[in-house]
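Chemist: Provided below for reference: sequence and predicted model.
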Amino acid sequence: MTIMQPVGVLSFVALSAVLFALGLYGALSRRSTVMVLMSLELMANAININLVALSRFSAPAEMTGQFFAVFSMVVSAAEIGLGLALVLALYRQRKTVEIDAMQELKG
Amino acid sequence: MGYVIAIPLLPALAFGVLAPLSNRARNAAIWVPVAAVCGSLLLSLAAFARVWPGGHEGEAVYRASAVFATLGSVNLHAGVLLDPISAVMLVVVTLVGAAVQVYSVGYMHRDERIGWYFAVLSLFTAAMLALVLSDNFLQLYMAWEVMGLCSYLLIGFWHEQEAPRKASLKAFLTTRVGDVGFVLGLAVMYATAGSFDFAVVLHGFTWVPATATAVSLLFLFGAIGKSAQVPLHVWLPDAMAGPTPASALIHAATMVAAGVFLVARALPIFQASGVALTVTMIVGVTTAIVGGLLAAVQHDIKKVLAYSTISQLGYMFFALGAGGIVAGIFHLMTHAFFKSLLFLGAGVIIHAAHTQDMREMGGLAKKMPVTTATFTIGSLALAGIFPFSGFWSKDEILTVLWTEGHYVVFALALAAAFVTAFYVARLWFRVFTGPEQTPELAEAHAEMLVPMGVLAAITAVIGFGSPYFARFLGHTGAWPEAGIALTSTAVAGLGLALGWCAYGRRTKVINTRPLKERAGFVYDALAMKLYFDLTYDYFIVKQYARLADALWAFDHTVIDGAVNGAGAIWKAGADVGALFDTYVIDGAVNGTATLVRAAGAKVRRIQVGRIQAYQGLMVGALVLLMLWFVVKGA
Amino acid sequence: MLLSAIVFLPLIGAIVAALVPKDRAGIARWLATVVTAVDVVLVIFVVLRFDVGAGMQFVERAVWVPQLGISYHLGVDGISITMLLLSALLSLIAVVASWKMDTKPTTYFAMLLLLEVGMNGVFLALDFVLFYVFWELVLVPMYFLIGTWGGPRKEYASIKFFLYTLFGSVFMLVGIIALYLQTGTFDMTAMIGLGLPATFQWWVFAAFFLGFAVKVPIVPLHTWLPDAHVEAPTAASVLLAGILLKMGTYGFIRIALPILPHAAKQWAPFITALAAISIVYGAALAFAQTDLKKLVAYSSVSHMGFVMLGIASGTVEGLNGALAVMFSHGVVTGMLFLIVGMVYDRTHTRMIEDVSGLSSQVPVAGGLLAFASFASLGLPGLSGFVGEFLTLLGAWKSTVPAGWVVLAAVGVLLAAAYTLWMVQRVVLGTPSHAVADIPDLSVREIAILVPLVALTLTVGLYWNSLLRFTDPAVARIVALLAGA
């Protein structure tokens, strides 16, 4: 076992897990909506890494994971755009982006 | 010989130039049609000279055709065929056409739509020329219909008044009844012979009698409509509502003779049938007598001439029915000249007397010498008096009937000749003799008198060409037989004498009431036009209008009602469905909803409204799920 | 690419027109004019480059859904080219005729353009799915054109139109699916000459018959037509009569006859009977009308009967005649609706009793109305005669019962009756109160009628100007019918 091993699938999955955890933490704990959105993005990209890596190491010829990753990036780009637009709209209305300020859905 | 094509094209071109112009520009350009028809006349004379000394019918001196429609392997042609018959017709049509147009310059000069009048007259001339030059029945039919349009437009020329409007519609529809037959005849011909060309269907095809009968009777039906034969004659008297020179050209000389021309052209098919010839003869002789009788009771000078035209066309029909193509065509020609002459004369008389009613006329002879002279020539020709043209052509027809052994028809033809002479005398004495009833009678202008003079001159001398005419058409010609000639002259003389007795003896205004009373119901029947118009009006026109209204009611109540009913039933079904939906299905749904609401009340406590709380919940649940999978997987 | 351009150029135009701000109607109007004019130019280019002897031309084919045998397949032949020309021309005329439209003009022009997409598409599609899509696409803009810009009973008329034709096209869809299940393809050209089983053909023909017959329309499935015509705005009436009705008969000629030749022969006597009844029934009803537009609408029923008569005959003459009536009726009825619309714009009435003396007060309008009427009643020398005459010839020549052909020929007489009875009351006579002070046609109005007049004369005088396109294509269909 040398230090300079080829990068295996595990490394990617580990990286992905770390990123996901970071994102999750951010999403659960930050009070700024913008930061929550950024954390969500981080989680999404963690999953993209997973997709690409698993695809690369399981069935490299089919490129399914890569396609899905690209697809997911496009969707999340759209989603983040929408999210930010909403945040902006909310800000205009309430002059705040504090996530705790939004509790209209309380049952 | 290519100039033959230009004969119909010149007037067509004149129409093409005039039609799109504004009314004012058209009125200024009436010299164009006159020049065109004169050009056609010159070319026609040249063509006639080229055909002289004649030959058999269908023996083309000149032929040209072009394909205008291709249907699979069949080509339909538009073409010209210059043979003796068409050469004769060319001269007749262009000569009368030119005479009428020149006359019209004077007659119509005060009309504000004179340009349109001349345009239509040109289109008519073009169509008639295309018809006589046609080398196939389809083109003949097409030109025939275009003439019908022109006739319609000219009858209804003064459409602001009701009578011309009605008459034009009646004329078009009545002739179209015949045209339905003509079209079906064309369809039968096409289905049988696969062509419309004279060369094929007349000379190169052996007709089975049954099909020949079908085709020829259907054609005859078309001809009956166009040539105003009984029972489709009712439109022609009404058509007199149009301008008089138009009546002279269309409703006396040319268009109405197109039916005769059609039968003459299709005569080989009629002969192959045999039956059709008999039918033609019956139609012709009936018409000759009915037309003559009706002419004898009219008071309107134009209507007398109209019924006279009907009667004379009947003469042509039974001539053709007896197989006398020469006699038929010769009478067509002489009649075209003398009848258009009479109409043009009538136009002058109407202008001078300011009325069409003969009872309000009288004594015109003194003030209008030229008109009187020409009109007298025309009248004598119509009555069949030597040496005027009508004598010769009638004599030929009678000779054909006699030699072919149609003695009954011969007798009836003589009777018709007698009636003809009678109404001619009636007309002549009433108009030209007796006291003057109109102040300020004056002779017409030169442009109206010159055409009449030309036609009168032709009428006076053309009869002597009778034997040459027969040879021109490829038959043996002969001078009249003394027996028949004397008989017909005697009969005509008797008719004239009777007319003189009734209308010529007294010089005061004539009172015909005693005559009417003595004739009783016969006179009534004749005055009611033998009830033809009433019958058609009541049993066909009115019933069709009623049927149309009934069908309309049927359409929007029953058929549309069924559609709307189907819609209504569907909607009713939907309503029932909606009830079921509300109480049964929705009931179930609502029951479920109640349940859920109760459960929701319990669960709502989780809903704190903070996004991050929800997220935490989700992640927690996810972790639990994953743990479960791991445990289970292991 | 040419055909795709012809079909989809108006779609781009429609989208852009819909996006034009509501208060800038002029832009939408000019856009629609330019787009439809360019389409006309493209179609004329196709016509000029068209090889009359060859079959399908300018073919475009691309795989669309290979698993189901669906392809994007366009092509033009002698049957569709005349209809394509008519569709493009009438679309342009419809746009120009609507110049003064001031109710939601941007949406209106977008709808007209969308309609053209559907119409052009129907005549060019050679794949059933594509055909069906275009067929249904036509309904939507027409529904809105009638329902939004129509007359007093527009809701009723538009819904009736929509549901009725949808009802028909459902049966057509069933037929299409049946054909697919039998042949495994949606390609029309591939289905020709397969010798499908006779019983199968009969049933599929029945399905298509219902679908097309509603559209034609054949009596007794015609009652949507008068309502739709009367309520529709002028331009929609023109396109409805000029193109939409032809889609039904086009369907018969393009689909039912070549793919189901055996059934076509079996159905011929029945169709002939219905056709003859349509001719006479439509003519009688036209005679009874008091509303000008309704009169023209019922005359359409009568004229489309002649088309069906020709189609049922299955002969060279009859089918050429059917195509000639289709073309001529599009031109002539378009003219009639345009003039009636122009008169309505001035007098605000369509009642025959209120309008009279047009030729005295407005000689151009009156003269053109009379001209169109004579073309409509089948005067030789004008286009209406060509088709009527040929369909009668073909029907007589074929094996269908002669009695129906005689009845159809009587229809020629009845056509003259209702048309001239109308002319007598409306065009002739002295001007009525409503007509007393109206102005004659404007240059724009004359300009849109002139091409139609020219076409009427050209086709009427030189039949081959039309038949040279249709005849070779018809010959192929007749050969298929003879082989069945």
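Modeler: Yes, it's here.
Chemist: low pLDDT regions in the chain?
Modeler: Using chain A here. Residues of chain A that meet the criterion pLDDT under 70 lie in A:1-5, A:103-107.
Chemist: I was after chain B.
Modeler: Residue ranges of chain B with pLDDT under 70: B:56-58, B:505-513, B:515-516, B:605-607, B:634.
Chemist: spatially central residue for it, please.
Modeler: residue B:148 (4.0 Å; CA atoms, centre = their mean).
Chemist: stretch C:439-457 and chain B in contact?
Modeler: No. On the criterion CB under 8 Å from any CB of the partner chain, stretch C:439-457 is out of touch with chain B, staying 9.8 Å away. Yep, even glycine has a C-beta here, placed from its N, CA and C like the rest.
Chemist: please save the CA atoms from that stretch in PDB.
Modeler: Provided in PDB are the C-alpha atoms of stretch C:439-457 (Å, rounded to 0.1, in the frame of the first residue of the first chain):
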ATOM      1  CA  PRO C 439     -69.100  54.300 -50.600                       C
ATOM      2  CA  ASP C 440     -67.800  51.900 -53.200                       C
ATOM      3  CA  LEU C 441     -65.000  49.500 -52.600                       C
ATOM      4  CA  SER C 442     -61.600  50.900 -51.600                       C
ATOM      5  CA  VAL C 443     -58.400  50.200 -53.400                       C
ATOM      6  CA  ARG C 444     -57.400  47.700 -50.700                       C
ATOM      7  CA  GLU C 445     -60.600  45.800 -51.100                       C
ATOM      8  CA  ILE C 446     -60.400  45.700 -54.900                       C
ATOM      9  CA  ALA C 447     -56.800  44.600 -54.600                       C
ATOM     10  CA  ILE C 448     -57.700  41.400 -52.700                       C
ATOM     11  CA  LEU C 449     -60.500  40.500 -55.100                       C
ATOM     12  CA  VAL C 450     -58.500  41.000 -58.300                       C
ATOM     13  CA  PRO C 451     -56.300  37.900 -57.800                       C
ATOM     14  CA  LEU C 452     -59.400  35.800 -57.200                       C
ATOM     15  CA  VAL C 453     -61.200  37.200 -60.300                       C
ATOM     16  CA  ALA C 454     -58.000  36.500 -62.300                       C
ATOM     17  CA  LEU C 455     -57.900  32.900 -61.000                       C
ATOM     18  CA  THR C 456     -61.600  32.400 -61.800                       C
ATOM     19  CA  LEU C 457     -61.100  33.500 -65.400                       C
END
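Chemist: in it, what counts as buried?
Modeler: Across stretch C:439-457, burial judged by 16 or more other CB atoms under 10 Å in any protein chain shown covers C:441, C:445, C:448, C:449, C:451, C:452, C:453, C:455, C:456.
Chemist: so which of those comes closest to residue A:46?
Modeler: Nearest to residue A:46 among the buried residues of stretch C:439-457, counting by CB to CB, is residue C:448 at 65.7 Å.
Chemist: shouldn't the closest one be in contact with residue C:93?
Modeler: Yes. Look at residue C:448 against residue C:93 with CB atoms under 8 Å: they come within range, at 4.7 Å.
Chemist: overlap in contacts of the two?
Modeler: Here residue C:448 and residue C:93 have residue C:338 as joint contacts, going by CB atoms under 8 Å, 6 or more residues apart in numbering or on different chains.
Chemist: now, which of the buried residues of stretch C:439-457 lie within helices?
Modeler: Under the assignment DSSP state H, the buried residues of stretch C:439-457 contribute C:445, C:448, C:449, C:451, C:452, C:453, C:455, C:456 to helices.
Chemist: so what's the first one up against?
Modeler: Yep, that's residue C:445 we're talking about. Taking CB under 8 Å, 6+ apart, one finds C:97, C:338, C:342 in contact with residue C:445.
Chemist: how near is residue C:369 to chain A?
Modeler: 59 Å (CB to the nearest CB, to the nearest Å).
Chemist: I should have written residue B:601 there, sorry.
Modeler: For residue B:601, the distance to chain A - CB to the nearest CB - is 9 Å.
Chemist: before we move on, what about residue C:224?
Modeler: According to CB to the nearest CB, residue C:224 stands 45 Å off from chain A.
Chemist: surely that residue meets residue C:165?
Modeler: Yes. Residue C:224 lies in contact with residue C:165 (CB under 8 Å); the separation is 7.1 Å.
Chemist: where do the helices sit along the stretch 401-550 of chain B?
Modeler: B:407-432, B:446-461, B:466-472, B:482-499, B:513-519, B:521-527, B:532-535, B:543-554 (DSSP state H, counting those that start in this stretch).
Chemist: need the winner for burial among those helices.
Modeler: Highest mean neighbour count of those: helix B:407-432, a mean of 23 (counted as mean count of other CB atoms under 10 Å in any protein chain shown).
Chemist: now, which of the contacts of residue C:445 lie within strands?
Modeler: Among the contacts of residue C:445, no member is found in strands (DSSP state E).
Chemist: helices - which of those residues land there?
Modeler: C:97, C:338, C:342.
Chemist: number of residues surrounding the closest residue to residue B:312 other than its chain neighbours?
Modeler: Once flanking residues are discounted, residue B:312 sits nearest to residue B:335: 5.1 Å by CB to CB, 6 or more residues apart in numbering or on different chains. For residue B:335, the neighbour count with other CB atoms under 10 Å in any protein chain shown is 29.
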